[in-house]
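A.B. asks: Sequence and predicted model, in that order:
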Amino acid sequence: MDQMKEAYEKLGLPETATSEELDDRYTLLMRQTRSEQRRNPDKSDEVEERFAEVTKAYNFILEEEKRKSLEELSRQKYGKFKGMAGAAEKTEHFFRYYRYHVLGGLALIGIIIYIIISIFDHRAEQERLAKLPPVDLSVMFLGSYITPDGSQNYKPIEDAILAQFPDWKRVEINVTYVPEIDSGNPNDAALLQKAMLVLATERPDLYIMDQGAFDWVGNQGMIRSLEPELEGELKSLVTPDLLKKTKQDEEPTEQVYAVNIIDSPLSEELPIAKKDMFAGVRAGSEKEANALAFIKHYLEASKTNK
């Protein structure tokens, strides 16, 4: 079977599907996968393997579309030569190759040196990580969050959280930018695809989302309902205006899936630009107790501050 046709069949789409239909279908399959994992946690690995095949097919289609675009650009560039287009392209490539042959050789040497250094750096990093204490909590900031200097240095955020939880030894932070959904901007579409792939592969314990991100992923089965805790340890700490509700596919009514912690004085101590902070626990989190402890601590600080 043609590989492209097979990829589209894995996604349940015809080969004539548009890019928008492709992205919508992938998002739907992601939601269904997370929902199935939540309903059948004992089959989580099996479901994840199936979704990995879907992701592989999705990426293959994107790469093929990119290749076709490059071929179209080449056709437009050399089309003026008509029957000699192939020869013209090969001739240009020939001269370009020999013109930069020496530079190419030097670049190859540089690449080899880079690979060798990277291998040693990777080993050193693995040794460094092996000496670190286990992770107490992994947090993903999902939305239009940025660090003060715009870099990917998240250590100040990790240090701020560790200062708030003295018993913890290690926290991992990931900041995934989510642009405005359906903005029509090509750059935003590319960033959204990147965010989708990150969500499909990363498994943090706690999501901190802005309004746009919660509207996007809140009903996809990635975060679990907080209803049991709201009837227990969190009941006295929340008011209705702090609760973020949504409805999963199989649920008859809306449930609370995140709590607003933006008004907590502890959130002000986090060195990250923010306007919304809705905290939700990932379904199947290995550190669920610590994720809930995080939310509870922030809510307690907020109530004490009033």
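C.D. replies: Looks like it arrived, so ask away.

A.B. asks: Contact partners for Pro240?
C.D. replies: Contacts for Pro240 (C-beta atoms under 8 Å, 6 or more residues apart in numbering) come out as none. Placement of C-beta: from N, CA and C, glycine included.

A.B. asks: host element of the residue most central in space within the chain?
C.D. replies: By C-alpha atoms, centre = their mean, the chain has its centre lying nearest to Val198, at 2.6 Å. If you go by DSSP states H and E, Val198 is part of helix 186-201.

A.B. asks: Same check on Asn174?
C.D. replies: Per DSSP H and E: strand 171-177 holds Asn174.

A.B. asks: Can you give the strand pairings for that strand, parallel or anti for each?
C.D. replies: Strand 171-177 pairs in its sheet with strand 137-143 (parallel), by DSSP bridges.

A.B. asks: What residues of the partner strand count as buried?
C.D. replies: Leu137, Ser138, Val139, Met140, Phe141, Leu142, Gly143 (16 or more other C-beta atoms under 10 Å).

A.B. asks: which residues does the nearest residue to the residue nearest to the centre of the chain once chain neighbours are set aside contact?
C.D. replies: Excluding its sequence neighbours, the residue lying closest to Val198 (C-beta to C-beta, 6 or more residues apart in numbering) is Thr176, at 5.0 Å. Thr176 is in contact with Met140, Phe141, Leu142, Ala195, Val198, Leu199, Glu202, counting by C-beta under 8 Å, 6+ apart.

A.B. asks: Next: Asn187.
C.D. replies: Per C-beta under 8 Å, 6+ apart, neighbours of Asn187: Pro179.

A.B. asks: so which strand or helix has Gly105?
C.D. replies: Gly105 is part of helix 101-131, with elements assigned from DSSP H and E.

A.B. asks: Can you name every helix or strand that that helix contacts?
C.D. replies: Using 3 or more C-beta pairs under 8 Å, 6 or more residues apart in numbering; DSSP states H and E, no helix or strand is in contact with helix 101-131.

A.B. asks: what's the spacing between it and its chain's center?
C.D. replies: A distance of 27 Å separates the centroid of the chain from that of helix 101-131, by C-alpha atoms, centre = their mean, to the nearest Å.

A.B. asks: Same check on stretch 123-134?
C.D. replies: 24 Å.

A.B. asks: Mind checking the pLDDT average for that stretch?
C.D. replies: Averaged across stretch 123-134, pLDDT comes to 76.

A.B. asks: can you list contacts of it?
C.D. replies: Lys169, Arg170.

A.B. asks: let's see 10 Å
C.D. replies: For stretch 123-134, contacts defined as C-beta atoms under 10 Å, 6 or more residues apart in numbering pick out Ser118, Trp168, Lys169, Arg170, Lys287.

A.B. asks: just stretch 146-156 next, same as before
C.D. replies: Under C-beta under 10 Å, 6+ apart, the answer for stretch 146-156 is 139, 141, 157, 171-175, 177, 270-274.

A.B. asks: What subset of those residues is buried?
C.D. replies: Among the contacts of stretch 146-156, those that count as buried by neighbour count (16+ other C-beta under 10 Å) are Val139, Phe141, Ile157, Val171, Ile173, Val175, Tyr177, Leu270, Ile272, Lys274.
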